[in-house]
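# got a predicted model here, sequence first, then my questions.
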Amino acid sequence: MARYKHIDTSPKFLPVDLTRQLLPGTFEHALNHLLDHEVDWSGFDARYCNDETGASAYPPAMLLKVILFAYSQGIVRSRDIERACREHVTFIALCGDRAPHFTTLAGFIATLGEEVARIFGQVLFICERQGLIGREMFAIDGVKLPSNASKRRSGTRTEFERQAAKLEAAAKTMLARHRAEDAKPLEPDLVAKAAKRIERLARDAAQIRGWLAAHPQERRGVKGSIRKSNRTDNESAKMATSKGVIQGYTGVAAVDGKHQIIVEAQAHGTGSEQELLVPVVVAMKDVLAEHSLITADAGYHSEANLKQLAAMQVQALIADNGMRGRDERFATQDRH
């Protein structure tokens with residue numbers, strides 16, 4: 001009978017050169033080199049006031065390295081990233097065996113703003129310097145992303161007024177019933193339950209009234225129509241998807257056709273892709289050339305968009321809803 005060497009995968013203490021764990025030619029090697037040697041991080045210095053006192057901070061470059069590498073591996077939770085920085089050798093190499101706490105990672109992501117936009121602008125400049133951006137054709141498309149907000153908290157001011165009035169009326173009715181029942185012998189736990197119910201109704205109504213006072217105007221769309229607000233996340237919107245209605249955002253990206261480099265990405269609280277085409281094209285002005293061609297699907301087609309692109313002298317190919325009906329190549333699509 002053949003004999004084989006025993007492969008032992010149990011924990012071991014091994015001397016490891018962390019820099020050699022990032023193999024040349026891999027994404028993590030390029031990420032580590034670019035963020036350490038090609039990017040200016042001075043804009044982040046103002047976030048910290050520990051020049052003379054206080055604990056030293058984690059370098060922003062290290063935090064962004066582990067976060068971006070985690071995203072490339074499909075890891076998007078701060079707790080999971082922290083665990084990977086303790087257990088996975090590539091993450092350990094990127095963070096220098098200084099695993100940041102998940103609250104540090106979450107706080108870093110939550111407070112990123114203009115600083116990270118400038119960082120990605122520098123990365124885009126590096127991509128162009130390496131000849132990765134062709135500027136010949138850009139494709140624009142989007143996806144609907146759920147937000148951490150409840151659909152039940154969406155509505156117009158009129159609907160919120162109606163909800164508040166309904167809650168207040170229910171609270172008054174229950175309070176009157178509670179007072180009427182006080183003369184009767186009731187079990188203490190039932191009295192407590194009724195009091196909690198009344199308190200919850202009054203609190204919910206007060207929250208709606210407070211929101212209405214803080215937002216005296218209706219939320220308006222691009223064309224002036226009333227758009228439903230959301231008391232949890234007022235920048236998000238209700239939108240229909242293939243999996244039902246969600247409360248969230250439409251994320252839209254523009255990609256260069258040469259090497260699929262993303263040159264612009266935005267998120268908007270609207271389900272209408274038509275509203276997003278022009279803002280994305282305007283944001284791309286620094287990468288567009290005279291011969292650049294914009295392509296997009298039928299979701300971005302409208303007469304107003306075509307007129308505005310023509311006024312901006314931007315060449316574009318945008319499908320319309322009747323395109324497949326006119327194209328003979330789609331005549332037999334049903335049989336496939």
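Structure's in. What do you need?
# from here on, contacts and neighbour counts on C-alpha atoms
Noted.
# strand partners of the longest strand along the chain, parallel vs antiparallel please.
The longest strand of the chain (DSSP state E) is strand 244-256. The pairing partners recorded for strand 244-256 under DSSP bridges are strand 137-146 (antiparallel), strand 237-241 (antiparallel), strand 262-268 (antiparallel).
# which helix is the longest one in the protein?
Looking across the chain with DSSP state H, the single longest helix is helix 188-214.
# quick one: residues in contact with the next helix or strand after it.
Counting by DSSP states H and E, the next helix or strand C-terminal to helix 188-214 is strand 219-220. In this structure, residues lying in contact with strand 219-220 by C-alpha atoms under 8 Å, 6 or more residues apart in numbering are 156, 226-229.
# strand 219-220 pairs with which strands, and in what direction?
For strand 219-220, pairing defined by DSSP bridges yields strand 226-227 (antiparallel).
# got the contact list for the longest strand of the chain?
133-151, 236-240, 261-271, 273, 276, 280.
# could you identify the buried members of these?
Burial by neighbour count, judged by 16 or more other C-alpha atoms under 10 Å, picks out 133-135, 137-142, 144-147, 149, 151, 236-239, 261-265, 267-271, 273, 276, 280 from those.
# the domain parsing of this protein - what is it?
18-129, 137-147+235-324, 157-217 (automatic domain parsing).
# do you know which of those lies nearest Pro11?
Nearest of the domains of the chain to Pro11, taken as C-alpha to C-alpha: domain 18-129 at 11.0 Å.
# okay, now Gln313: neighbour count?
Each residue near Gln313 was counted by other C-alpha atoms under 10 Å, and the total is 10.
# could I get the full set of helices for the chain?
Assignment of helices within the chain using DSSP H yields the ranges 27-37, 60-72, 78-87, 89-95, 102-110, 114-129, 157-181, 188-214, 277-283, 303-311, 323-326.
# most packed of those?
Ranked by mean neighbour count under mean count of other C-alpha atoms under 10 Å, these are led by helix 89-95, which reaches a mean of 22.
# which residues sit against that helix?
So helix 89-95 is contacted by 18-19, 21-22, 28, 32, 62-63, 65-66, 69, 84-86, 98-99 (C-alpha under 8 Å, 6+ apart).
# how about 10 Å then?
Under the criterion C-alpha atoms under 10 Å, 6 or more residues apart in numbering, residues 16-23, 28-29, 31-32, 58-59, 61-67, 69-70, 81-86, 96-99 lie in contact with helix 89-95.
# and what of stretch 311-322?
137-140, 278, 281-282, 285, 288-302, 305-310.
# how about it as CSV, C-alpha atoms only?
What follows is stretch 311-322, C-alpha atoms only, in CSV (Å, rounded to 0.1, in the frame of the first residue of the first chain):
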residue,chain,number,x,y,z
ALA,A,311,-25.7,71.3,-26.3
MET,A,312,-22.6,70.0,-24.4
GLN,A,313,-21.2,68.7,-27.7
VAL,A,314,-20.9,65.2,-26.2
GLN,A,315,-21.1,62.3,-28.6
ALA,A,316,-23.4,59.5,-27.3
LEU,A,317,-25.2,56.3,-28.3
ILE,A,318,-28.2,55.8,-26.0
ALA,A,319,-30.7,53.0,-26.7
ASP,A,320,-34.4,53.8,-26.7
ASN,A,321,-37.3,51.5,-25.7
GLY,A,322,-38.2,50.8,-29.4
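# this completes my enquiry, with thanks.
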